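Participant: Provided below for reference: sequence and predicted model.
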Amino acid sequence: MTGRQPRHRLRTTPPGSPHVSVFEALAWAAFGLGAGFLGQTYGPRPVFLAVLVVLMLVNGAFLTLLHLPYAKDVQRVQDELDLRRRQALA
């Protein structure tokens, strides 16, 4: 190595992520308590079926719907970047 290399600090978490972690922990705690109460009332088998199968299918369908506008959004951003590039080079 020639000379001193700059040390770059890579940010591994976005700003404000401790709030996300707290929210996620609270959500998991509420989920666990809810599943426990439902498990006592209805038994573990129907609760596992509802949570692990039904909710995961609903989640998969929802995430699929989120990807529908993705191609249009990518094209819109690319067009904007191309316009800015042409303006900067003009």
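Facilitator: Yep, it's here.
Participant: so for the helix or strand containing residue 59, what's the average pLDDT?
Facilitator: For residue 59, the element it lies in under DSSP states H and E is helix 56-67. Regarding helix 56-67, the rounded mean pLDDT is 90.
Participant: After it, which helix or strand is next?
Facilitator: If you walk from helix 56-67 toward the C-terminus, the next helix or strand you reach (DSSP H and E) is helix 70-89.
Participant: So which residue is dead centre in this protein?
Facilitator: Nearest to the geometric centre of the chain sits residue 63, at 9.8 Å (Cα atoms, centre = their mean).
Participant: need the helix or strand of the chain with the lowest average pLDDT.
Facilitator: helix 17-42 (a mean of 85; mean pLDDT, DSSP states H and E).
Participant: Just list what that one packs against, helices and strands only.
Facilitator: The elements that helix 17-42 packs onto, with contact taken as 3 or more Cβ pairs under 8 Å, 6 or more residues apart in numbering; DSSP states H and E, are helix 44-48. (Each C-beta comes from the backbone N, C-alpha and C, glycine too.)
Participant: contacts for the helix it packs on?
Facilitator: Outside helix 44-48, the residues within contact range by Cβ atoms under 8 Å, 6 or more residues apart in numbering are 35, 38-39.
Participant: Columns neighbour count and distance to residue 59 on top of those, output as a markdown table?
Facilitator: Written out in a markdown table, the entries for those read as follows (neighbours: other Cβ atoms under 10 Å; distance: Cβ to Cβ, whole Å):
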| residue | neighbour count | distance to residue 59 |
| --- | --- | --- |
| 35 | 15 | 15 |
| 38 | 15 | 18 |
| 39 | 15 | 20 |
